[in-house]
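>>> Pasting the sequence and the predicted coordinates here, then a few questions.
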Amino acid sequence: GTLRTVGNGGRVEFVPDGARHTRMMVPWARVPDCWREAPERYARAKFLAAQDPEWPADAGMPTAGDVRVLGEDGSITVETIALLLEHQVMEHVDWEEDGKTPMLPLYPAEAVRELEAAFGKNWAPSEADIRARRDFRGERIFTIDPWSAKDLDDALHVKLLPDGSVELGVHIADVTHFVREGTALDVEARRRATSVYLVNRVIHMLPKDLSQDYCSLNPDVDRLTFSCVWRMNMDGTLVKGAEPWFGRGVIRSCCKLDYGTAQRMIDGTIDKDNLDALTEEQWATDRRPRPESGQTLTGVIENVLLMNRVAVGRRAMRKSQGAMQLHNAKMSFVLNQQTQNPEGVGAYPIRDSNRLIEEYMLLANYLVAQQQLRALPLKAVLRRHRCPDPDELAKANELLEAAIGGGAIIEGETSAVMSRAIAAVQQRCLGRSDLGPLAAAFIMELCTMPMQLAQYCCASQLPEGVSPRHFALNIPYYTHFTSPIRRYADVLVHRVLQATLDDAYSATLPAEAPALTPEQLGEVADHCNEKNYNAKQASRASDLLYLRVLVSRRPMLQRAVVAGVGKDSFQLSVVSLGFSLRIYARAPPLTDAFQSCPFNEADQVLPLLPRRGSAKGGALLNLLPEDDPNVAHARAFEKIDVRMLEQVWVLIYARQDRDGKEIVDLMPLCLVDGTLRGDAVGPSAAVPPPPPPHLTESLSQSAVDIAD
């Protein structure tokens with residue numbers, strides 16, 4: 001938080017960054033010397049304060065104990081440490097040798113030494129490791145991940161069989177080969193429970209040697225896997241009577257594809273019959289199969305197209321059976337490679353190449369859940385998703401009725417019913433010239449608000465009569481098996497799965513079930529749920545930090561949808577970037593540019609009238625970047641009738657709040673012209689993968705959970 005003087009300057013107050021912590025009085029003797037000597041210079045600096053456990057009970061406010069300076073406010077490193085502390089990703093701060101410079105969390109030395117003692121440096125699978133496993137190295141196996149991904153959890157292979165069906169193999173990093181139960185490494189991985197993906201760095205669950213090397217399914221090296229192989233028909237259905245195979249394997253990936261390159265294969269931009277015209281921008285040379293791998297560019301392209309064909313059928317089948325498609329926008333930044341400062345932002349694109357991977361991860365997770373319940377139900381670790389919160393769903397329906405009328409309502413008894421209701425409301429939006437695709441896109445965002453978070457559980461610990469069903473996927477059970485490098489719940493699932501196996505490839509490998517009791521598994525699952533929530537909140541805070549840094553230098557224009565309106569405030573949602581803010585109609589900074597009229601209760605409209613000649617309003621207009629592609633469409637401060645689902649041009653900029661902290665804010669300018677309402681998001685600086693040579697894609701996209 002920050003320090004500030006109160007009253008006549010005789011007292012110093014600690015103001016925390018987040019709402020979960022309380023303000024504290026700081027005795028003068030505990031105020032850091034730097035602030036006492038130059039309070040103006042450190043007015044926006046970040047401080048770390050601990051509450052004094054012996055503060056007087058009759059005091060009106062807690063007293064701070066130890067207070068230390070983290071660094072200057074605005075420094076991305078300092079702000080990142082602050083948000084990690086706020087969201088309980090970090091439990092304490094490590095300091096450099098000077099005792100003044102904070103560091104990001106380090107991996108415990110004991111766990112690192114243990115790993116080195118067990119596997120040495122420059123580990124590679126031994127002949128004994130390989131003999132104990134099914135050898136997939138003769139298959140054409142490759143990975144498809146975000147451009148910036150370094151922790152490659154999953155790889156795939158596909159084969160067209162003589163009977164017209166296909167064999168599909170999902171190969172997952174065998175983390176449990178290295179992370180043995182009860183070791184110091186296991187204890188630390190369990191404590192962290194998940195990797196945390198921020199915009200420009202990852203706080204890994206596992207040490208770097210594991211997450212980016214020994215476990216990562218990098219190309220052209222032998223890697224150990226836990227594999228799941230099954231047969232499918234071309235329409236995406238499973239071949240009847242063909243049981244899936246589970247077991248430990250060894251693979252050698254032939255290439256590291258990214259979603260952009262795979263998408264160009266699907267689109268036909270990369271054509272197997274015109275490889276002479278292939279450019280570096282289309283498919284980077286270092287991401288192609290090497291000649292010595294024995295695999296060809298043509299073979300990889302054919303496999304991607306075959307995988308996509310089957311995945312399209314599988315997706316259509318799941319949709320027809322009531323599965324929901326819930327993908328809200330996620331920010332993706334372009335960073336300067338030298339400074340790591342943001343230079344652009346857009347929505348992370350979800351394309352057919354992403355959906356291809358999603359389908360096979362979903363199916364592998366489902367099959368592993370089924371195997372656990374069949375063979376070891378007492379210790380099965382599942383991923384459960386409950387039906388929407390009825391009170392929150394009622395609130396969403398009230399907003400829809402106010403905006404669209406005519407009985408627009410979303411029902412949530414089953415995902416199939418809910419999917420059809422959402423589609424019907426979206427079609428009504430698309431059929432109205434005053435709403436259009438942007439409003440339809442927001443409807444999906446609105447309908448995800450009543451959704452409850454999916455959670456891990458031990459199946460046998462669920463109360464009697466409570467189903468492990470996954471509501472959104474509309475399947476009776478589900479788990480997480482496919483990302484053990486970054487999720488501890490998947491590590492538990494691997495241990496349970498291994499204990500269910502009895503075949504030639506598992507006979508020489510440890511087959512014990514997790515030593516944890518079902519009750520203990522339930523407790524670890526709860527811990528994973530808490531850590532997973534904290535990680536997502538920290539990732540979100542990192543996005544907003546980088547957005548704030550970006551717009552503090554270069555404000556931007558975007559289209560927003562009114563997501564709620566009342567007599568004194570309204571909510572604006574920037575659908576293209578996936579964030580929203582509440583705007584207070586009768587307080588600055590809105591009153592610097594507009595005066596609000598009385599709220600029209602009957603029509604649910606809050607009129608805003610521009611203040612002509614306002615100096616502060618004029619200063620805001622000066623922030624408009626002339627080269628922003630949206631400037632031609634946005635006019636300055638016109639009358640706005642704020643009503644639900646109305647579309648508004650907004651200025652996204654940074655300002656200081658009343659405590660002196662810099663925050664992101666939205667300033668409405670005018671309504672969106674009707675001629676533009678047919679466009680889903682309007683002109684936008686989307687991030688092209690791969691990025692320009694001097695830029696890099698934000699790391700947070702390495703963990704976009706499209707299959708949850």
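Thanks, I have the structure now.
>>> Scan the chain for its longest helix.
Assignment by DSSP state H gives helix 518-553 as the longest helix of the chain.
>>> ok, and for that helix, which residues are buried?
Buried residues in helix 518-553, counted by 16 or more other CB atoms under 10 Å: 518, 521-522, 524-525, 527-529, 531-532, 534-543, 545-551. The C-beta positions use only the backbone N, C-alpha and C, and glycine is treated the same way.
>>> now stretch 101-112
By neighbour count with 16+ other CB under 10 Å, stretch 101-112 contains the buried residues Pro102, Pro105, Tyr107, Ala111, Val112.
>>> Pull the most distant pair out of the residues you listed.
Within the buried residues of stretch 101-112, Pro102 and Ala111 form the most distant pair, 21.6 Å apart (CB to CB).
>>> hmm, back to that, let's have the buried residues of stretch 101-112 in CSV, adding pLDDT, distance to Gln498 and secondary structure.
Below are these laid out as CSV (pLDDT from 0 to 100; distance: CB to CB, whole Å; DSSP: H, G, I helix; E, B strand; the rest coil):
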residue, pLDDT, distance to Gln498, secondary structure
Pro102, 79, 40, strand
Pro105, 79, 30, coil
Tyr107, 90, 25, coil
Ala111, 94, 22, helix
Val112, 94, 25, helix
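>>> so which of these comes closest to Leu577?
Looking across the buried residues of stretch 101-112 and measuring by CB to CB, the closest to Leu577 is Pro105, at 28.5 Å.
>>> any idea how far the nearest residue in space to that closest one that is not next to it in sequence lies from Leu198?
Take Pro105 and drop its neighbours on the chain: the residue closest to it by CB to CB, 6 or more residues apart in numbering is Met90, 5.3 Å away. Distance, Met90 to Leu198, by CB to CB, to the nearest Å: 12 Å.
>>> who's more crowded, those two?
Using other CB atoms under 10 Å, the more surrounded residue of Met90 and Leu198 is Leu198, with 24 against 20.
>>> from memory that one sits against Arg540, does it?
No. If you go by CB atoms under 8 Å, Leu198 and Arg540 don't touch, sitting 10.1 Å apart.
>>> What segments of the stretch 551-700 of the chain are helices?
For the stretch 551-700 of the chain, helices defined by DSSP state H, counting those that start in this stretch occupy the ranges 590-593, 615-621.
>>> Check the ones you listed for me and report the most buried one.
helix 590-593 (a mean of 19; mean count of other CB atoms under 10 Å).
>>> For Met418, pull up the helix or strand it's in.
In the assignment (DSSP states H and E), Met418 maps to helix 415-430.
>>> residues of that helix that come out buried?
Residues Ser415, Met418, Ser419, Ala421, Ile422, Val425, Gln426, Arg428, Cys429 are the ones in helix 415-430 that count as buried (16+ other CB under 10 Å).
>>> so the last one touches Gly436, yeah?
Pointing back at Cys429 there. Yes. Between Cys429 and Gly436 there is a contact under CB under 8 Å: 6.7 Å.
>>> low-confidence ranges in the stretch 301-450 of the chain?
408 (pLDDT under 70).
>>> ok now do the residue nearest to Pro105, which residues does it touch?
Contact analysis of Met90 by CB atoms under 8 Å, 6 or more residues apart in numbering lists Ile81, Leu84, Leu104, Pro105.
>>> Point out where the stretch 501-650 of the chain drops to low pLDDT.
Applying pLDDT under 70 to the stretch 501-650 of the chain flags the ranges 502-513, 633-635.
>>> before we move on, the earlier item: pick the one among the buried residues of stretch 101-112 closest to Ala132.
Taking CB to CB as the measure, Ala132 sits nearest to Ala111 out of these, at 25.4 Å.
>>> State the distance from the closest one to Glu530.
Between Ala111 and Glu530 the distance, using CB to CB, works out to 21 Å.
>>> Kindly report the same for Gln520.
16 Å.
>>> From what I see, Pro607 and Ile640 are in contact.
Yes. Between Pro607 and Ile640 there is a contact under CB under 8 Å: 7.5 Å.
>>> I'd like to know how many residues surround the closest residue to Ala441 other than its chain neighbours.
In this structure, Ala441 finds its nearest non-sequential neighbour in Val575, 5.1 Å apart by CB to CB, 6+ apart. For Val575, the count of nearby residues is 28 (other CB under 10 Å).
>>> Surely Val575 touches Lys330?
No. Using CB under 8 Å, Val575 is not in contact with Lys330; the gap is 11.9 Å.
>>> residues contacting Pro589?
Pro589 touches Lys616, Leu620, Arg655, Asp665, Met667, counting by CB under 8 Å, 6+ apart.
>>> mind checking how far the residue nearest to the last one when sequence neighbours are not counted is from Gly346?
Take Met667 and drop its neighbours on the chain: the residue closest to it by CB to CB, 6+ apart is Leu651, 4.4 Å away. Distance of Leu651 to Gly346, given as CB to CB: 18 Å.
>>> number of nearby residues for the residue lying closest to Gln51 once chain neighbours are set aside?
Leaving aside its chain neighbours, Gln51 sits nearest to Pro62 (5.1 Å; criterion: CB to CB, 6+ apart). Pro62 has 18 neighbours, counted by other CB under 10 Å.
>>> Now do Pro62, the pLDDT please.
Pro62 is assigned 87 on the pLDDT scale.
>>> what's near enough to touch it?
Contacts of Pro62 by CB under 8 Å, 6+ apart are Thr22, Arg23, Met24, Met25, Gln51, Asp52, Trp55.
>>> Looking at those residues, which one is closest to Asn354?
Among the contacts of Pro62, and counting by CB to CB, the member closest to Asn354 is Thr22, at 42.3 Å.
>>> got a list of what that closest one touches?
Counting by CB under 8 Å, 6+ apart, Thr22 has contacts Pro16, Met61, Pro62.
>>> what's the helix or strand for it?
Counting by DSSP H and E, Thr22 is found in no helix or strand.
>>> roughly how far apart are it and Asp154?
44 Å.
>>> What does Tyr488 show for phi and psi?
Per-residue torsions, Tyr488: phi -70, psi -30 (degrees, to the nearest 10).
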